[in-house]
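Engineer: Quick one, fold the following:
(2 chains)
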There are 2 protein chains.
Amino acid sequence: MSKPDLIITGSVAFDTVKTRTEEKQRVLGGAAVYASVAAAKFCRPGIISIAGSDFPAEYKEYLTRMGVDITGLAEGGGKTFSWAGSYEKDTNEAVTLDTQLNVFEGFDPHMPDSYKGAGTVFLGNLDPRLQLQVLAENPHIAFSACDTMNFWIDCAPELLREVFKKVSVIFINEKEACQVTGERSLVPSGQRLLEFGPEYVIIKLGKYGAAGFGKNGELFIIPCVPLDYDVVDPTGAGDSFAGSFMGYLSVRKRITFGDVKQAMVIGTVVAAQTISGFSTSALDIPDRSRILREAVDFSRCFAL
Amino acid sequence: MSKPDLIITGSVAFDTVKTRTEEKQRVLGGAAVYASVAAAKFCRPGIISIAGSDFPAEYKEYLTRMGVDITGLAEGGGKTFSWAGSYEKDTNEAVTLDTQLNVFEGFDPHMPDSYKGAGTVFLGNLDPRLQLQVLAENPHIAFSACDTMNFWIDCAPELLREVFKKVSVIFINEKEACQVTGERSLVPSGQRLLEFGPEYVIIKLGKYGAAGFGKNGELFIIPCVPLDYDVVDPTGAGDSFAGSFMGYLSVRKRITFGDVKQAMVIGTVVAAQTISGFSTSALDIPDRSRILREAVDFSRCFAL
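Structural biologist: So this is what the prediction gives:
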């Protein structure tokens, strides 16, 4: 089997999701799942993660069918990581009801031999210690990105800085960008994050789009995507944004800010698709050409 | 004196504004004030409003100096309308602490003879009964717009529908657009509002930009403006957005959706300027050419 274009690490999870109208129990979720299914529209992603012995074969088959290489999905002896969250109050922000680390507590990520030589990596939200370990195992990485969350900003700020220093792209949401930099607004926090070392900083604005900063003073702001349907399940929007962004760029030779802008448009379109169904169900359907068509339609909405 | 290009009605007020760090008492405010000072960068606006006998001569002189025709500013016997609000919790949304209608309770708007023949009108947030009266007094209006607020949506929905039916443009914020249409998201609510009769609907997304809908299926979404400073006082952002939008369009002969897009960019830049100081203080400085320059800079931030 050929090596992946993009290595993705992050959680593989059972999600229990409560929305204003529905509740789904133990559906397939996790940062690595959303990111890899989204990335697979543009490249061959391989995940590095861990699932428990309760992780059903059908989920593995699903990932493989979607084009995800799961050679690096270890099976731990215990239960699969699980998360429960509610969007009853605000579709733009989850309230976490429960997190069970389970097999992730002893997770020691290793790269399968068949992944060696992959040039791109996406470090999904995870303990920065593990993110650094995955980076260290891949000395030939030319382009890398990380995501994170408030928990790691609070509990492991030094390690997180190490990650920020080593990656090409930081993905972070607006609140966390302010939290980690001590700034109170978008542009100053983006600029401060660039000082940590990456080439690009992408600040996610939830349903209101995203802002991309380049280290040569570039700035690109994407508006909200004009959904003509109600949001079903916002889980995984950020991960599928980052996954498709990285998938799109992983097959390019030299990355310019123009490519980053295109990747942001594509990430936004894929994230909007993701939230139109529970779990990854809405990501099954669109193929690369449909996504590219939707990206063109979306970009017309903000063309002067 | 020449007739105004744009007639603006709405409140003239004393505002008491509490932010996270400061409180300003009884500063100049009101929808007609913000909208007219902003519009005056592009045209000659004339206001129709009422102030109390306590309204200082220096505020009148200020408006005149800014290029606002105040012939239509009546003086009532009582106190000037006053509003008090707080942004301590959220800079994107005011919590109203107090509203004193005062002279507005008996306000009977009339158009001075010198305003006759003006072709454009902006009906700032006001009792829809008064908005309709101002419209009725101006049979030669070629282009008109209204703003409103949740209070009128609740208390005078029928009259508000009458206003919506008669104007060229509805300005409304996202929450109110959902409230008035019963829809839950941006695009469906914009489309429903178009069905009420206007040519264009502009849904304001606070600091996250705005979405413009045209009756021939046009859609333009503007992203958040990349402020490189902290917001000082968000009061008047929506009014100065609408005022500069209408001021810019009031001097055009035939208005296309392309003009509406440009007007949205300009409105966003002017609104961003407004909130960088208390009251209208930050609107004093920029002239038309600086605003146009900033509009070009801003539009580069979302150009692919």
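Engineer: just the strands in chain A please.
Structural biologist: A:6-9, A:13-18, A:23-29, A:45-51, A:69-75, A:81-86, A:95-100, A:120-123, A:143-146, A:169-173, A:200-204, A:210-214, A:219-222 (DSSP state E).
Engineer: Mean neighbour count, those strands: which tops it?
Structural biologist: Comparing the strands of chain A by mean neighbour count (mean count of other CB atoms under 10 Å in any protein chain shown), strand A:6-9 ranks first with a mean of 32. C-betas here are computed from N, CA, C, even on glycine.
Engineer: Restricting to C-alpha, output that strand in CSV.
Structural biologist: Provided in CSV are the C-alpha atoms of strand A:6-9 (Å, rounded to 0.1, in the frame of the first residue of the first chain):
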residue,chain,number,x,y,z
LEU,A,6,-1.1,13.4,5.3
ILE,A,7,-0.7,11.9,8.8
ILE,A,8,-3.5,12.8,11.2
THR,A,9,-3.4,12.3,14.9
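Engineer: and it, which strands flank it?
Structural biologist: strand A:45-51 (parallel), strand A:120-123 (parallel) (DSSP bridges).
Engineer: Let me have those in a markdown table, extended by mean pLDDT.
Structural biologist: Below are the strands paired with strand A:6-9 laid out as a markdown table (pLDDT from 0 to 100):
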| stretch | mean pLDDT |
| --- | --- |
| strand A:45-51 | 98 |
| strand A:120-123 | 98 |
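Engineer: what's the closest of those strands to A:Ala35?
Structural biologist: A:Ala35 lies closest to strand A:120-123 among those, at 5.9 Å (CB to CB).
Engineer: what sits up against the closest one?
Structural biologist: When contacts are defined by CB atoms under 8 Å, 6 or more residues apart in numbering or on different chains, strand A:120-123 is touched by residues A:5-10, A:35, A:39, A:131, A:134-135, A:138, A:141-147, A:163, A:167, A:242-243, A:246, A:249-250.
Engineer: same question, stretch A:80-92
Structural biologist: Contacts of stretch A:80-92 (CB under 8 Å, 6+ apart): A:11-20, A:26, A:29-30, A:50-52, A:54-55, A:93-104, A:206-207, A:231, A:233-235.
Engineer: pretty sure A:Phe42 is touching A:Ser244, no?
Structural biologist: Yes. Under the criterion of CB atoms under 8 Å, A:Phe42 makes contact with A:Ser244 at 6.6 Å.
Engineer: who has more neighbours, these two?
Structural biologist: Between A:Phe42 and A:Ser244, counting by other CB atoms under 10 Å in any protein chain shown, A:Ser244 is the more crowded of the two (32 against 26).
Engineer: before we move on, back to that, shared neighbours of A:Phe42 and A:Ser244, anything?
Structural biologist: A:Ile266.
Engineer: per-residue pLDDT, A:Ser53?
Structural biologist: Looking at A:Ser53, its pLDDT stands at 97.
Engineer: Likewise for A:Met1?
Structural biologist: Taking A:Met1 on its own, its pLDDT is 63.
Engineer: do A:Glu88 as well
Structural biologist: Predicted confidence (pLDDT) for A:Glu88: 89.
Engineer: and it, how many neighbours does it have?
Structural biologist: Using other CB under 10 Å, A:Glu88 is surrounded by 12 other residues.
Engineer: State the phi and psi torsions of it.
Structural biologist: phi -60, psi -40 (degrees, to the nearest 10).
Engineer: Could you point out which residue ranges in chain A have low pLDDT?
Structural biologist: Residues of chain A that meet the criterion pLDDT under 70 lie in A:1.
Engineer: got the residues of it near chain B?
Structural biologist: Selection of chain A residues close to chain B by CB under 8 Å from any CB of the partner chain yields A:184-188, A:205, A:208-209, A:211, A:219-224, A:226-231, A:261-262, A:265, A:299, A:301-304.
Engineer: thinking again about what came up before, closest to B:Tyr115 out of the strands of chain A?
Structural biologist: Comparing those by their distance to B:Tyr115 (CB to CB), the top pick is strand A:219-222, with 39.5 Å.
Engineer: Paired strands for the closest one, with orientation please.
Structural biologist: strand A:210-214 (antiparallel).
Engineer: which residue packs closest to the residue nearest to the spatial centre of chain A, ignoring adjacent ones?
Structural biologist: Nearest to the mean C-alpha position of chain A, by CA atoms, centre = their mean, lies A:Asp239 at 2.6 Å. The shortest distance from A:Asp239 to any non-neighbouring residue, by CB to CB, 6 or more residues apart in numbering or on different chains, is to A:Tyr34 (3.6 Å).
Engineer: now do A:Gly67
Structural biologist: Using CB to CB, 6+ apart, the closest residue to A:Gly67 is A:Ala40 (3.6 Å).
Engineer: Do I have it right that the one you found meets A:Met66?
Structural biologist: Yes. Between A:Ala40 and A:Met66 there is a contact under CB under 8 Å: 5.3 Å.
Engineer: So these two - more neighbours on which side?
Structural biologist: Taking other CB under 10 Å, A:Ala40 and A:Met66 do not tie; A:Ala40 has more neighbours (25 against 18).
Engineer: ok, now which ones touch the more buried one?
Structural biologist: Counted by CB under 8 Å, 6+ apart, A:Ala40 has contacts A:Met66, A:Gly67, A:Val68, A:Gly247.
Engineer: That one and chain B: what is the separation?
Structural biologist: Noted for A:Ala40: a distance of 25 Å to chain B, by CB to the nearest CB, to the nearest Å.
Engineer: buried ones in stretch A:124-134?
Structural biologist: Neighbour counts over stretch A:124-134 (16 or more other CB atoms under 10 Å in any protein chain shown) mark A:Gly124, A:Asn125, A:Leu126, A:Asp127, A:Pro128, A:Leu130, A:Gln131, A:Leu132, A:Gln133, A:Val134 as buried.
Engineer: Not counting its own residues, what contacts it?
Structural biologist: Against stretch A:124-134 from outside (CB under 8 Å, 6+ apart): A:7-11, A:31-32, A:35, A:48, A:107-109, A:111, A:121, A:123, A:146-149, A:152, A:156, A:159-160, A:162-163, A:166, A:239, A:242.
Engineer: Buried ones among these?
Structural biologist: A:7-11, A:31-32, A:35, A:48, A:107, A:109, A:111, A:121, A:123, A:146-148, A:152, A:156, A:159-160, A:162-163, A:166, A:239, A:242.
Engineer: Mind checking which of those residues land in helices?
Structural biologist: Counting by DSSP state H, the part of the buried ones among the contacts of stretch A:124-134 found in helices is A:Ala31, A:Ala32, A:Ala35, A:Trp152, A:Leu159, A:Leu160, A:Glu162, A:Val163, A:Lys166, A:Asp239, A:Ala242.
Engineer: And for the second one, nearest residue in space, chain neighbours not counted?
Structural biologist: For A:Ala32, the nearest residue in space outside its immediate sequence neighbours is A:Gly10; the separation is 3.7 Å by CB to CB, 6+ apart.
Engineer: who's in contact with that neighbour?
Structural biologist: A:Gly10 neighbours (CB under 8 Å, 6+ apart): A:30-32, A:35, A:47, A:49, A:122-126, A:147, A:239.
Engineer: Let's see that with 6 Å instead.
Structural biologist: Residues near A:Gly10 by CB atoms under 6 Å, 6 or more residues apart in numbering or on different chains: A:Ala31, A:Ala32, A:Gly124, A:Leu126.
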